[in-house]
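Trainee: Fold the following for me, if possible:
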Amino acid sequence: MDRKELFKKIAITIFLIFILNFIAGKFYWYYTIWYFDIIMHVFGGFFIALLLFWLFSVKEISFKIIIQIIFGVLLVGVLWELFEFVFNNVIAGDSFNSLDSISDIFCDLAGSCFAITYFYKKITLKNKNKL
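Mentor: Predicted coordinates for the structure are as follows:
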């Protein structure tokens with residue numbers, strides 16, 4: 001996939017995440033819609049995976065690339081959950097919910113799987129058109 005085209009997809013995804021997060025903050029969607037956090041983590045995993053495809057300048061998809069993307073998204077997801085843990089427990093004084101953190105990490109990984117599938121389909125279609 002062309003880096004310019006991929007960058008446009010990344011920009012659109014981060015803009016969508018920004019807008020949804022802004023609206024969710026205004027209308028308290030994180031508290032009133034129980035599954036909204038799941039949606040945001042899937043979008044976040046999708047965004048991070050696309051960003052890693054762009055940073056690695058991936059032209060062809062391989063098992064090694066897939067593993068790198070998944071571990072990259074896992075690393076970012078775990079670091080985010082550590083940030084939430086420190087912020088919620090130390091600063092805000094809220095109790096830690098391990099089940100929520102685990103489900104958030106799995107949602108990040110689901111988003112990365114969507115991005116891998118999307119990227120694979122784009123490369124396959126592009127290679128088919130070359131023939």
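Trainee: Okay, and the residue most central in space within the chain sits in which element?
Mentor: Centroid-nearest residue in the chain: Gly45, 1.4 Å away (criterion: Cα atoms, centre = their mean). If you go by DSSP states H and E, Gly45 is part of helix 36-55.
Trainee: quick one: contacts of that helix?
Mentor: Helix 36-55 is contacted by residues 1, 3, 6-7, 9-10, 13-14, 16-17, 20-21, 24, 29-30, 68-69, 72-73, 76-77, 80, 100, 103-104, 107-112, 114-116, 118-119 when judged by Cβ atoms under 8 Å, 6 or more residues apart in numbering. To be clear about C-beta, it is placed using only N, CA and C from the backbone, and glycine gets the same treatment.
Trainee: Pull up the gap between Phe22 and Asn88, please.
Mentor: Distance of Phe22 to Asn88, computed by Cβ to Cβ, to the nearest Å: 21 Å.
Trainee: the more surrounded of those two?
Mentor: Ranked by neighbour count (other Cβ atoms under 10 Å), Phe22 and Asn88 place Asn88 first, with 16 against 10.
Trainee: any idea whether that one is helix, strand or coil?
Mentor: Put simply, Asn88 is helix when judged by DSSP: H, G, I helix; E, B strand; the rest coil.
Trainee: who's in contact with it?
Mentor: Contacts of Asn88 (Cβ under 8 Å, 6+ apart): Asp94, Ser95, Phe96.
Trainee: Right, I'll leave it there.
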